[in-house]
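**Student:** return a 3D structure for these sequence lines:
(one chain, ligands or ions: 1)
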Amino acid sequence: MAKELQVSTKGVRAGILRTEFAEHSEALFLTSSFVFDNAAQAAARFANNEEGMVYSRYTNPTVSMFQERLAAMEGAETCVATASGMAAILATAMVHLKSGDHVVCSNAVFGATIQLFNNILGRFGIETSYVSPTRPQEWEKAARKNTRLFFLETPSNPLTEVSDIPALAGIAKKAGALLAVDNVFCTPALQKPLELGADLVVHSATKYIDGQGRVMGGAICGPKALVGDLLVPFLRTAGPALSPFNAWVLLKGLETLDLRVKAESAAALELAQWLEGHPAVARVHYPGLRSHPQYELAKRQQRAGGSVLSFEVNGGRQAAWRVIDSTRLVSHTANLGDVKTTIIHPATTTHGRISPEARAAAGITDGLIRLAVGLEAVEDLKDDLMRGLGAG
Ligand SMILES: Cc1ncc(COP(=O)(O)O)c(C=O)c1O
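**Tutor:** Below is the predicted model of the structure:
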């Protein structure tokens, strides 16, 4: 049997479709529709009796290349791309859930995911229970007869809590539910949820897959029966498709994903270790630190800690704002997964709509700062942070 290619090789080589011109770099098919040779071919393609392109809402060669490449990297049979990460989560819910179903979800997922489950799916008779990402026994207890989906993100944002994917996959299976993992923070360069027992992987390609903060995109990866067979008809009918231009940008992003994510993880670890020894810092959350409560689990499950870390400064909100406002190099923005390092104060921005009590219970203190480390020199990042933190 041929040896399995590495993720970095797949990122560069997988999924290429060449035209008659034999172009070396992947072609961008900016076309909304495709011409048929004759009426019989058109009829066969519309009836799904013949493979081939029809209309870019559900078939486009550039989008297909992106899907094939990401599927190969995640070790998935199929991948379906969507307009954004939220569209990927919505599409997953739309094809796998119906009125009367129940979802068990980590309480530390992206805020819009919680809004989606509560405010949108809730109106259609789908109920969601929230549990700790790090306590599998809570998932076991929350599962009901009508539970169809377990949903989590690992590591979590901004506290980098790590969920035990194999343990939760086992509990989901016993409960008759699918386990979907949002693999945005690790990407397949660091973590392969399907190999660890998850049924589905969802992505916001807007983050690390693009890697340079240019376009929106999303994807769902998994077995053909759970992804390709259900999601292609959903996309065809409901329409949250990825644009060919964005697919082309993301396809090129996949080529450097492994390199970027590894370099950013190494820089994040160095910064985390430095911050941990800084007198102005009370606590650092990073899965690559020995002090992280799930350090051993992260080591088993992830190839590196990832680029996101958070740290708590002494002096609460005022001190945290001083660090952020003193930076000149890092970007003060809510996005992450960019080669440009970003910084944000979660308690007053991304998590500002949560009540102060719930925030405190979740560990998102007023002194907490989130960093998503990019590709600048670590030394320059330390200098930038030192302006507000002090020399240490
Ligand atoms: C973990 C995670 N999942 C999903 C999303 C949603 O992705 P998008 O912004 O592409 O819709 C985000 C966006 O920040 C995210 O951080």
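
**Student:** which residues in the stretch 1-150 of the chain form helices?
**Tutor:** Under the criterion DSSP state H, counting those that start in this stretch, the stretch 1-150 of the chain contains helices at 7-13, 39-46, 61-74, 85-96, 111-115, 136-142.

**Student:** these: which one's closest to the ligand?
**Tutor:** For the helices of the stretch 1-150 of the chain, the distance to the ligand is smallest for helix 85-96, at 2.4 Å, taking CB to the nearest ligand atom. In short, each C-beta sits where N, CA and C put it, glycine included.

**Student:** so what touches the closest one?
**Tutor:** Applying CB atoms under 8 Å, 6 or more residues apart in numbering, the external contacts of helix 85-96 come out as 80, 82, 103, 110, 112-113, 116-117, 120-121, 126, 148-149, 151, 178, 180, 182, 184, 200, 202-207, 216-220, 226, 230-231, 234-235, 238, 240.

**Student:** what does the chain have sitting close to the ligand?
**Tutor:** Taking CB under 6 Å from any ligand atom as the contact definition, the chain meets the ligand at 84-86, 110, 112, 153, 157, 182, 184, 204, 206, 216, 218.

**Student:** give me the ChimeraX select line for those residues, limited to the buried ones.
**Tutor:** With 16 or more other CB atoms under 10 Å as the burial test, the buried ones among these are selected in ChimeraX as follows:
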select :84,85,86,110,153,157,182,184,204,206,216,218
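
**Student:** in the stretch 101-250 of the chain, which ranges drop under the pLDDT threshold?
**Tutor:** Residue ranges of the stretch 101-250 of the chain with pLDDT under 70: none are present.

**Student:** find the closest residue to the ligand in the stretch 251-392 of the chain.
**Tutor:** For the stretch 251-392 of the chain, CB to the nearest ligand atom, closest residue to the ligand: residue 336, 6.6 Å.

**Student:** and that residue, how far from residue 155?
**Tutor:** Residue 336 is 12 Å from residue 155, where distance means CB to CB, to the nearest Å.

**Student:** now the common contact residues for the two.
**Tutor:** Here residue 336 and residue 155 have residue 308 as joint contacts, going by CB under 8 Å, 6+ apart.

**Student:** strands of the stretch 151-300 of the chain, start to end?
**Tutor:** For the stretch 151-300 of the chain, the strands defined by DSSP state E, counting those that start in this stretch occupy 178-182, 200-204, 218-222, 281-285.

**Student:** what's the third one packed up against?
**Tutor:** Translated: strand 218-222. Contact here means 3 or more CB pairs under 8 Å, 6 or more residues apart in numbering; DSSP states H and E; on that basis strand 218-222 packs against helix 61-74, strand 78-82, helix 85-96, strand 200-204.

**Student:** which of those is buried the deepest?
**Tutor:** strand 200-204 (a mean of 28; mean count of other CB atoms under 10 Å).

**Student:** so what's the gap between stretch 380-391 and the chain middle?
**Tutor:** Remark: stretch 380-391 is offset 29 Å from the chain centroid, using CA atoms, centre = their mean, to the nearest Å.

**Student:** hang on, residue 310 packs against residue 155?
**Tutor:** No. Residue 310 is beyond contact range of residue 155, at 10.3 Å (criterion: CB atoms under 8 Å).

**Student:** what's near enough to touch residue 286?
**Tutor:** 160, 268, 269, 272, 292, 305, 309, 310.

**Student:** rerun that using 6 Å as the cut-off
**Tutor:** By CB atoms under 6 Å, 6 or more residues apart in numbering, the contact set of residue 286 is 160, 272, 305, 309.

**Student:** tell me which of those residues fall in helices.
**Tutor:** The helices, defined by DSSP state H, take in residue 272 from the contacts of residue 286.

**Student:** show me the two of the contacts of residue 286 that sit farthest apart.
**Tutor:** For those, the maximum inter-member distance is 9.5 Å, found between 160 and 272 (CB to CB).

**Student:** more neighbours: which of the two?
**Tutor:** Neighbours were counted for residue 160 and for residue 272 using other CB atoms under 10 Å; residue 160 has more, 28 against 24.

**Student:** quick check on that one: phi, psi?
**Tutor:** Residue 160 adopts backbone torsions of phi 60, psi 40, taken as degrees, to the nearest 10.

**Student:** my read: it touches residue 284, true?
**Tutor:** No. Residue 160 is not in contact with residue 284 according to CB atoms under 6 Å; the separation is 9.5 Å.
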